[in-house]
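J.: requesting a structural model of the entry that follows:
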Amino acid sequence: MAETKNHSTHESTFERIKEVRAQAIHHTRLAQQFAVERRDLMQGLIDQGLSQADIARELGVTRQAIQKMLAC
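T.: Residues are numbered from 1 along each chain as shown. Below you'll find the predicted structure:
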């Protein structure tokens with residue numbers, strides 16, 4: 001039978017895991033907010049008459065990538 005380790009022995013590791021998890025959640029939320037802002041900015045360009053191909057060329061991505069970004 002394996003010996004059970006004392007929780008306090010690993011307390012700092014558990015705390016660091018919790019911190020890293022919180023940071024990951026925060027960064028995921030920021031990424032979602034930036035994706036929405038990016039979509040809104042691109043939609044504004046489209047509303048002004050630019051095509052998805054124009055935007056793709058300027059950003060150095062494919063038109064399909066632009067379609068995917070607009071879908072978020």
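
J.: in this protein, where is pLDDT below threshold?
T.: Filtered on pLDDT under 70, the chain yields the residue ranges 1-5.

J.: now do 50
T.: 1 (pLDDT under 50).

J.: hey, which helix is longest across it?
T.: Ranked by residue count and defined by DSSP state H, the top helix of the chain is helix 11-47.

J.: can you give me the buried ones in the helix or strand following that one?
T.: For helix 11-47, the following helix or strand on the C-terminal side (DSSP states H and E) is helix 52-59. Going by neighbour count (16 or more other C-beta atoms under 10 Å), the buried part of helix 52-59 is Gln52, Ile55, Ala56. Any C-beta I mention is one placed from the backbone N, CA and C, and that applies to glycine too.

J.: list the residues that contact the last one.
T.: Ala56 makes contact with Thr62, Arg63, Ala65, Ile66, according to C-beta atoms under 8 Å, 6 or more residues apart in numbering.

J.: gap between it and Met42?
T.: Distance from Ala56 to Met42, counting by C-beta to C-beta, to the nearest Å: 10 Å.

J.: shared neighbours, the two?
T.: Between them, Ala56 and Met42 share the contacting residues Ile66, judged by C-beta under 8 Å, 6+ apart.

J.: next one: stretch 64-72 to chain centre, how far?
T.: 14 Å (C-alpha atoms, centre = their mean, to the nearest Å).

J.: just the C-alphas of that stretch, formatted as CSV.
T.: In CSV, the C-alpha atoms belonging to stretch 64-72 read as follows (Å, rounded to 0.1, in the frame of the first residue of the first chain):
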residue,chain,number,x,y,z
GLN,A,64,-11.0,31.6,-45.3
ALA,A,65,-9.2,32.8,-42.2
ILE,A,66,-11.1,36.0,-42.4
GLN,A,67,-14.4,34.2,-42.7
LYS,A,68,-13.5,32.1,-39.6
MET,A,69,-12.6,35.3,-37.7
LEU,A,70,-15.9,36.9,-38.7
ALA,A,71,-17.8,33.9,-37.5
CYS,A,72,-16.7,34.2,-33.9
